[in-house]
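Asker: Sequence and predicted structure, then a few things I'm wondering about:
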Amino acid sequence: MPAALGGPADETPLLEKVTASQDLSAAVVYNENKAAEYAEEVIEPPVGQSVESPSVWATSSTTAETQANDKLGAGEPSIGENPGNGPLDRVRVDSTGRQLTTNQGVPVSDNQHSLKAGIRGPTLLEDFILREKITHFDHERIPERVVHARGSAAHGVFEAYDDLSHWTRASLFAEKGKQTPVFVRFSTVAGERGSTDTARDVRGFAVKFYTDEGNWDLVGNNIPVFFIQDAMKFPDLIHAVKPEPHHAMPQASSAHDTFWDFISLTPESMHMVMWQMSDRAIPRSYRMMQGFGVHTFRLVNADGESRFCKFHWIPLAGTHSLVWDEAVHISGADPDFHRRDLWEAIEAGAYPQYELALQVFTEEEADEFDFDVLDPTKIVPEELCPLVPVGRMTLNRNPDNFFAETEQVAFCTAHIVPGIDFTNDPLLQGRLHSYQDTQLTRLGGPNFHEIPINASVCPVHNNQRDGFHRQAIPRGRVAYDPNSLAGGCPFQAGASGYVSYPQPVEGDKVRGKPEKFSEHYAQARLFWKSQTPAEQAHIINAFRFELTRVQTVAIRERMLSMLIHVDDVLA
């Protein structure tokens with residue numbers, strides 16, 4: 001199997017990259033220009049010191065940069081060209097052998113000194129090179145994600161096992177062997193951008209499929225359920241788990257009063273908390289971590305027939321976890337442990353692979369379950385609905401630049417494609433707004449879809465115009481619909497476009513939950529009983545660690561009263 005399709009690389013340039021980088025650095029024995037920085041010599045600034053690179057790999061970002069797909073284009077960095085054969089190729093920059101310039105392309109004669117009035121005089125305001133350099137530096141940082149701030153990512157490809165047109169018209173499942181480019185971001189939830197990788201926490205598992213009918217974002221976690229049933233509580237949950245506002249502690253940890261105060265008053269969280277206190281909350285590696293869509297989604301085929309669906313990612317390397325003592329020691333020695341593990345595996349050609357499996361069932365079957373499939377605190381047991389493997393995802397290329405790709409990627413649950421639709425899950429419905437809304441602040445406006453990592457591989461034609469950082473240059477004078485001056489274009493696609501499933505809706509306007517949402521402990525008990533004695537001991541130790549950090553006695557007592565409903569031994 002070719003490496004691009006997920007097989008092992010025949011040979012890796014990793015050794016060449018390491019040795020060439022060493023040789024390139026060694027060729028610069030000392031700073032030859034340093035002596036010319038002083039006194040009279042500064043009148044004639046010297047040409048900057050440079051040496052020829054012994055290999056293209058010496059200055060590369062990643063040894064996986066030759067991996068290519070429709071999203072990445074040719075894959076290799078463009079040297080002095082903008083070939084435009086991929087959304088990312090268009091903006092790649094390789095400075096090997098190039099002279100230093102300003103952002104306007106003006107060659108910089110001296111990058112060591114500001115412009116002064118006399119050798120010991122004041123710096124001049126007219127120094128546009130200094131002002132540009134400092135001003136850009138002052139504005140380099142953007143707001144971090146309010147959750148999932150700490151993350152790592154990779155490019156890859158998804159390959160469908162079979163034609164799933166009997167279930168969905170989604171084009172990525174249209175035929176056996178069809179390949180779709182992907183970008184995947186793994187993350188912790190509570191910690192800030194600089195926090196540790198091995199904290200006890202939920203992990204994000206977000207996949208952006210660049211399909212030929214638009215981008216589909218499957219924004220999931222490594223745990224199949226969530227803490228709350230309704231998006232109304234989401235800000236409260238996050239405020240509770242984040243560092244306490246009076247002293248900003250603890251970082252990337254739920255072991256404090258405000259989190260457990262919220263949980264002890266929110267019994268619907270019990271199932272999720274059991275998962276969080278288990279080994280699943282401290283994975284051994286992103287390569288060995290399951291992923292879940294969490295919510296129930298809807299598949300729709302070309303005939304308009306609908307089925308409910310749950311999405312599962314299964315790592316082919318197996319599902320493995322750390323134990324708490326390992327996580328603590330690793331955190332102190334290498335807080336970048338998971339990021340480093342993912343990067344180095346891909347650099348070495350040991351490409352992580354995950355199988356996508358579906359649980360597909362009808363609404364009539366869902367009605368027979370003793371829980372509500374629209375409740376995100378519940379799973380659909382595999383005994384009731386087995387998993388069906390439908391494809392394989394291979395991560396075969398590291399990002400060229402962390403900020404440009406991993407930091408600027410924008411995942412939104414509202415990004416779906418024909419053949420996939422939403423359900424009335426009240427948490428999902430809130431996420432449809434929140435993810436889109438938060439990008440407006442984080443990425444500076446409504447045009448974040450034009451950032452290369454977010455751009456689709458299919459054509460984009462609409463009448464949306466202007467805004468901060470707009471890149472598209474629309475042709476013509478028409479920006480409205482209907483029109484005659486552009487011949488009616490761009491015209492709506494009709495039945496071949498995205499058509500929402502015509503689900504019947506009835507009832508009164510109310511705030512509340514269905515009766516089946518009211519049971520909070522049955523699946524928490526099932527999870528506890530599914531654990532081995534060693535795993536149960538780990539859960540007990542995790543609760544003991546967390547709750548002994550809670551200083552308010554009443555909160556601890558409320559948690560014990562909840563745990564009794566799960567298991568007497570656990571309590």
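Answerer: Sure, I can see it.

Asker: Please make it C-alpha for all contacts and neighbour counts, starting now.
Answerer: Noted.

Asker: tell me the centre residue of this protein?
Answerer: Most central in the chain under Cα atoms, centre = their mean is Arg185, positioned 3.0 Å from the mean C-alpha point.

Asker: Just the terminal-to-terminal distance for stretch 87-104.
Answerer: 22 Å (Cα to Cα, to the nearest Å).

Asker: on that earlier part again, which ones are touching the closest residue in space to the residue nearest to the centre of the chain that isn't next to it in sequence?
Answerer: Leaving aside its sequence neighbours, Arg185 sits nearest to Ala153 (Cα to Cα, 6 or more residues apart in numbering; 4.1 Å). Contact partners of Ala153, counting by Cα atoms under 8 Å, 6 or more residues apart in numbering, are 183-186, 398-399, 406.

Asker: and Asp481, what is it in contact with?
Answerer: 463, 488-489, 491.

Asker: Now flag whichever of these is closest to Glu213.
Answerer: Phe491 (15.9 Å; Cα to Cα).

Asker: Let me see the confidence value for that closest one.
Answerer: You'll see Phe491 listed with a pLDDT of 93.

Asker: That one: neighbour count?
Answerer: Around Phe491 there are 13 other residues, counting by other Cα atoms under 10 Å.

Asker: again, but for Met270
Answerer: Met270, neighbours per other Cα under 10 Å, totals 27.

Asker: So it sits against Ala522, correct?
Answerer: No: look at Met270 against Ala522 with Cα atoms under 8 Å: they stay out of range, at 9.7 Å.

Asker: returning to that earlier point: next, the residue nearest to Arg185: secondary structure please.
Answerer: strand (DSSP: H, G, I helix; E, B strand; the rest coil).

Asker: which residues in the stretch 101-250 of the chain form helices?
Answerer: Remark: helices assigned in the stretch 101-250 of the chain by DSSP state H, counting those that start in this stretch are 128-138, 234-241.

Asker: If you could redo that for the stretch 451-571 of the chain, that was the one I meant.
Answerer: So, for the stretch 451-571 of the chain - with DSSP H, counting those that start in this stretch - the helices run 522-530, 533-548, 553-563.

Asker: could I get these as TSV with mean pLDDT, distance to Phe259 and mean neighbour count?
Answerer: Below are the helices of the stretch 451-571 of the chain laid out as TSV (pLDDT from 0 to 100; distance: least, Cα to Cα, whole Å; neighbours: other Cα atoms under 10 Å):
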stretch	mean pLDDT	distance to Phe259	mean neighbour count
helix 522-530	98	19	16
helix 533-548	98	10	16
helix 553-563	97	10	17
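
Asker: tell me the two of the contacts of Asp481 that are most distant?
Answerer: Top of the distance list for the contacts of Asp481 (Cα to Cα): Asn463 and Gly488, 11.7 Å.

Asker: still on that earlier bit, touching, the residue nearest to the centre of the chain and Ala154? I think so.
Answerer: Yes: in this structure Arg185 lies within contact range of Ala154 using Cα under 8 Å: 6.7 Å.

Asker: What strand or helix carries Pro389?
Answerer: Element membership of Pro389, judged by DSSP states H and E, is strand 388-397.

Asker: after that strand, next one along is what?
Answerer: strand 420-421.

Asker: Distance from the helix or strand following that next one to the middle of the chain?
Answerer: Under the assignment DSSP H and E, the closest C-terminal helix or strand after strand 420-421 is helix 426-442. The chain centre lies 14 Å from the centre of helix 426-442; the measure is Cα atoms, centre = their mean, to the nearest Å.

Asker: Pull helix 426-442 out as CSV, backbone CA atoms only.
Answerer: Taking C-alpha atoms only, helix 426-442 is exported to CSV below (Å, rounded to 0.1, in the frame of the first residue of the first chain):
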residue,chain,number,x,y,z
PRO,A,426,-30.8,20.3,22.9
LEU,A,427,-27.0,20.4,23.5
LEU,A,428,-26.3,19.9,19.8
GLN,A,429,-28.7,22.7,18.9
GLY,A,430,-26.8,25.1,21.1
ARG,A,431,-23.5,24.1,19.8
LEU,A,432,-24.7,24.9,16.2
HIS,A,433,-24.7,28.6,17.2
SER,A,434,-21.8,28.7,19.7
TYR,A,435,-19.0,27.2,17.5
GLN,A,436,-19.8,29.6,14.6
ASP,A,437,-20.2,32.6,16.9
THR,A,438,-16.9,32.1,18.8
GLN,A,439,-14.8,32.2,15.6
LEU,A,440,-15.9,35.7,14.9
THR,A,441,-14.0,37.0,17.8
ARG,A,442,-11.1,34.5,17.8
